[in-house]
Each structure stands twice: as C-alpha cells, then as structure tokens.
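Chemist: here is my input; please provide its structure:
(one chain, ligands or ions: 1)
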Amino acid sequence: MSYIKEIFEQVVAQNPAQPEFHQAVEEVLESLAPVVEKNEALYRREALLERLVTPERVVMFRVPWVDDQGQARINNGYRVQYNGSIGPYKGGLRFHPTVNLSVMKFLSFEQNFKNSLTGLPMGGAKGGSDFDPKGKSDREIMRFCQSFMTELYKYIGPDVDVPAGDIGVGGREIGYMYGQYRRIRGGYEGGVLTGKGLSFGGSLGRTEATGYGLLYLTREMLKCNGHDIAGKTIAVSGAGNVATYAIQKAWQMGAKPVTCSDSNGWVYDPDGIDVEVLKDVKEVRRARLTEYVKARPNAQYHEGKGVWSVKCDVALPCATQNELFLEDAKMLVANGCIAVAEGANMPTTLDATKYLQSNGVLFCPGKASNAGGVAVSGLEMAQNSMRYSWTVEEVDNKLHQIMVDIFHNLDNAAREYGMEGNYVAGANIAGFLKVANAMLAQGVI
Ligand code: NDP
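Modeler: So this is what the prediction gives:
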C-alpha cells in the first residue's frame, strides 16, 4: 500500500465520525503524491506524514454564560493548535451551530498550508464554538465572548497563538474578547488577537482583506490564462465579510457581481449587487437578504440554494464549507463558467472540484485564494510588534503583492511536478514543502 494511502486509512480509523477532517486530509494527501514519492524513505523514517496529520494540541472546554432571561447556558469551546513549526499558531475563531471537532480539525489542518503560502511566519490553528450569535442581544454576545476568553486566554499569546475572526466572529466579538484578555492579563498585549478595532491596534485594510485578496488572485489567474477580469459576470455566494468585499473589489475591477446568498436564500440582481445596500442590510441592520430586494426592485430573492444556476463567467463561493456540489459544477460548466476561486474554506466538494478541473475550468482552492485575510492579520501582528501603523495604501499594496506571489508560487509548483494548471496540487505542494522542511529541521517533536 502506498505511504499516502496508509496515512489516510490511519486518519479515518483514528478519527471516526469526522467527515470534514477526512475530506481535507484526503484532498491534500492526494496531491502530495509526487513529492512524497520522491522523498518517501526520509518521510517514512521521520514519520513526517503521521506528524503532519496529527494536531500538536487540541483544547476543548466548557463555555458557561447567562442569557438575558437569567437562564444559564452552556456551549462547547475549541482551539486546535495544529502545527507551529513555521511560526506562532494562527487562525480564526468561528461561532456557528455547525462547529464541532471535525470542522475545527479540517479548518486548522488547511490553515497550515494557507499560512505557509502567504510567505509570513505563521503556524496553523483554528478555534470556535457551537454558539449561535443569531438572534442574541449585544449583551449576550459580550457575556459569551468574555466567558469564552476566560478559558482561552490560558493557551494563547502574541508569540504563542494569535486567534482572529471567522464566521460569526467580526470586529465586535474580537473587541469583547480582547477586552477580557486584557482584563485578565493586565497590560497591553495587542498582538494576541488580530482583526482588532483601529483604535486599539487593528490594521487598516483587515476588514476588506479576504475579499480583496480573492479578487487580486482571481485577476492574476485569469490574466495568466489569457482572460481579462473586466467585463466578466461574477456569481458570489455568501453575504458576510468575505462576500461583501469580494463584490466591492469585483466592481472596482470592472466586473459585474450579480448574486449573493445567506443561509436562508439567495439574490439575483441583474443590474449587479449594490454593495451599499448589502452592507446596510447585513453589516448595519444584521437583517436577512429579503430586505435587500425591498431596496432593489429589479432584484429577485429565492428561498434555498441556487446561486450556481445563474449564468456567469467566474464563480466565487464565499459562504461556508461544502456549498458547491457536483450538480452545481455541472451547471456552471454548462453555462460557460471559466473560473472558480474559493473565498470560503473548502466550499467545493472533491467530486465537484474534479469535474470543474477536468472540464477546463480554472480552479483555485481557498487555502490560496482566501489567504489575504490571514496575510493582513500577519501584517497586523508585524505592526503591533513595531508599535506602528501602515497606511491603508501600504497594507493594500503588500496584500496585492502577496496574492500575486501566491498565485505564481502555486503555478510554478504545479509545473515543477508535472501538473501544469492544477492549482489545487500546486497550492498543496507549495504550502506543504515549507512546513515539511521546517519540521525536518526541528527534529522529531
Ligand atoms: P460571515 O459570518 O461574515 O459570513 C458568512 C456568510 O455565509 C453569511 O452570509 C452566512 O449566512 C453564510 N453561511 C454561513 N454558514 C452557512 C451555512 N451553513 N449555509 C449557508 N450559508 C451559510 O463569515 P466570513 O465571510 O468571514 O466567512 C465566510 C467563509 O470564508 C468561511 O468559510 C470562512 O472560514 C472563510 N474565510 C474567512 C476569512 C475572513 O477573514 N473572514 C478568511 C479566510 C477564509 P447567514 O448570515 O445566514 O448565516
């Protein structure tokens, strides 16, 4: 049996009932085959793949809090510190009812390679809770965040592990968590969290970074394959942080984003999504997308899923994992879509990815195309260490350069290993090599 197959079977046997984790490991291992074959004796002797698929540390804890009615409530809290070989653990916190150990492990495993691809010194981690922020009052959110941090603070620090936001965790939640951390620890340790408010150590450009970065990489990928992003019709899913700023940057590049979605339904706006209306509905009023169409009479609202049935040149899944299935991929291909770049983490299922690739659709995996968020988080850490702030132009220029470099890095890695145009393999290989080399250099730990 091949080394890779052995490892994958071991992962499934040792981590039962963790389908998202299995899926992420399978996708990465599969594309590492040419590298592993070349170095098999060394990797086997050092148990490199065994160590790569085993998190360095998993912390699980109880999060007690009291709701506005005086009722005590309990949620599960997690932090998975996957691999710290290239820098402090780094990765977001997700508050969503679908959070469980499998989701945390898949996200933190992916984060290793993503962070490695940015070229910045950051290891991989992820955390969160099955707490559902929807419908909670501001005070409930604050009490929850304080309770979460009262446990989490023991395991993090500016040089140890630096969490950030993710689904359900934005500027408000980071603010409350930072406040509690500071209260417990005393003193200023701004570098312990990223995505902070601008008045207490946040970086300009962080809010926009993932969506903007996605478009910088997508434009480069299109350009290197003979296409211009200007004039393209773009289908976007999601209506949160990543989707909103992807839509904004798409307009700035002369493209036309025509869809967005949330967990209840989706919008098709033939005139293009109006970013200001979208921000007002989702960021300011925290309302549902049914409110969007009230302000945009030409737009249509549909219950359920359906973004990928719209005719588009480029598709950007920006909501959550496993939201673009094989049947969606078939619709995209039939409608003439030429490129898919993932804004979310693992939104495309494995069979859908393969279908898109084998039908000539340019496909960039999230660990590369959504790395702009963590890249600017890395820049926030650098600014915190320097006690200095860069202008928004300085941050944006660095982000742009990082995303262009990431694309060429994975394009080159794919070519070097004889898989030209396979950006999934390129991203996995390029991300893996840096982590693997650091692990080998540091001995068996
Ligand atoms: P937000 O919470 O801001 O937005 C998430 C969006 O996706 C919302 O519109 C939400 O709808 C929708 N959504 C969430 N879960 C589901 C679900 N199970 N089914 C259907 N729709 C769903 O999160 P972000 O925009 O920050 O994150 C989106 C994705 O991007 C995630 O995969 C995240 O891991 C990834 N990512 C985020 C980064 C960042 O910097 N924020 C960085 C890199 C990756 P609703 O409001 O109805 O729940």
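Chemist: enumerate the residues of the protein near the ligand.
Modeler: With CB under 6 Å from any ligand atom as the criterion, the chain meets the ligand at residues 96, 98, 165-168, 210, 238-243, 262-264, 318-320, 343-345, 370, 373. All C-beta atoms are positioned from the backbone trio N, CA, C, and that covers glycine.
Chemist: how does the protein divide into domains?
Modeler: 1-54, 55-188, 209-369 (automatic domain parsing).
Chemist: which element is the residue nearest the centre of the chain on?
Modeler: The centre of the chain sits closest to residue 345, judged by CA atoms, centre = their mean, with a distance of 4.5 Å. Counting by DSSP states H and E, no helix or strand carries residue 345.
Chemist: over to residue 73?
Modeler: strand 72-83.
Chemist: and that strand, what's its mean pLDDT?
Modeler: Average pLDDT, strand 72-83: 98.
Chemist: so what are the sheet partners of the next helix or strand along the chain from it and their directions?
Modeler: Scanning forward in sequence from strand 72-83 by DSSP H and E, the next helix or strand is strand 89-95. As defined by DSSP bridges, the strand partners of strand 89-95 come to strand 123-129 (parallel), strand 161-164 (parallel).
Chemist: output strand 89-95 as CSV, nothing but the C-alphas.
Modeler: Provided in CSV are the C-alpha atoms of strand 89-95 (Å, rounded to 0.1, in the frame of the first residue of the first chain):
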residue,chain,number,x,y,z
TYR,A,89,-0.2,29.3,15.8
LYS,A,90,-2.6,31.5,13.8
GLY,A,91,-6.2,31.0,12.6
GLY,A,92,-9.7,32.3,13.2
LEU,A,93,-12.4,31.6,15.7
ARG,A,94,-15.8,30.5,14.3
PHE,A,95,-19.1,30.9,16.2
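Chemist: next structured bit after it?
Modeler: Going down the chain from strand 89-95, the next helix or strand is helix 101-117, by DSSP H and E.
Chemist: that following helix to strand 72-83, inter-axis angle?
Modeler: Computed by axes from the mean of the first three to the mean of the last three CA atoms, to 10 degrees, the angle separating helix 101-117 from strand 72-83 equals 40 degrees.
Chemist: show me what counts as buried in helix 101-117.
Modeler: Going by neighbour count (16 or more other CB atoms under 10 Å), the buried part of helix 101-117 is 101-117.
Chemist: so residue 20 is in which element?
Modeler: Judged by DSSP H and E, residue 20 forms part of helix 19-31.
Chemist: got the CA positions of that helix in CSV?
Modeler: Provided in CSV are the C-alpha atoms of helix 19-31 (Å, rounded to 0.1, in the frame of the first residue of the first chain):
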residue,chain,number,x,y,z
PRO,A,19,-16.0,13.6,7.7
GLU,A,20,-14.9,17.2,7.1
PHE,A,21,-11.5,16.4,8.5
HIS,A,22,-11.2,13.2,6.4
GLN,A,23,-12.1,15.2,3.3
ALA,A,24,-9.5,17.9,3.9
VAL,A,25,-6.7,15.3,4.6
GLU,A,26,-7.7,13.3,1.5
GLU,A,27,-7.6,16.3,-0.8
VAL,A,28,-4.1,17.4,0.5
LEU,A,29,-2.5,13.9,0.6
GLU,A,30,-3.7,13.0,-2.9
SER,A,31,-2.0,16.0,-4.4
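Chemist: one step back: what's the residue nearest to the centre of the chain sitting at in phi/psi?
Modeler: phi -90, psi 120 (degrees, to the nearest 10).
Chemist: quick check: pLDDT value at the residue lying closest to it once chain neighbours are set aside.
Modeler: Ranked by CB to CB, 6 or more residues apart in numbering and with sequence neighbours excluded, the top spatial neighbour of residue 345 is residue 366, at 4.9 Å. On the pLDDT scale, residue 366 is placed at 97.
Chemist: assess the claim that residue 366 and residue 346 are in contact.
Modeler: Yes - counting by CB atoms under 8 Å, residue 366 touches residue 346, with 6.3 Å between them.
Chemist: for the ligand, what's its nearest residue on the stretch 201-350 of the chain.
Modeler: Of all residues in the stretch 201-350 of the chain, the one sitting closest to the ligand is residue 240 (1.8 Å; CB to the nearest ligand atom).
Chemist: and that residue, how many neighbours does it have?
Modeler: Using other CB atoms under 10 Å, residue 240 has 22 other residues around it.
Chemist: re the thing from before, now render the domains of the chain as JSON lines, adding distance to residue 388.
Modeler: As requested, the domains of the chain are exported to JSON lines (distance: least, CB to CB, whole Å):
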{"stretch": "domain 1-54", "distance to residue 388": "36"}
{"stretch": "domain 55-188", "distance to residue 388": "14"}
{"stretch": "domain 209-369", "distance to residue 388": "18"}
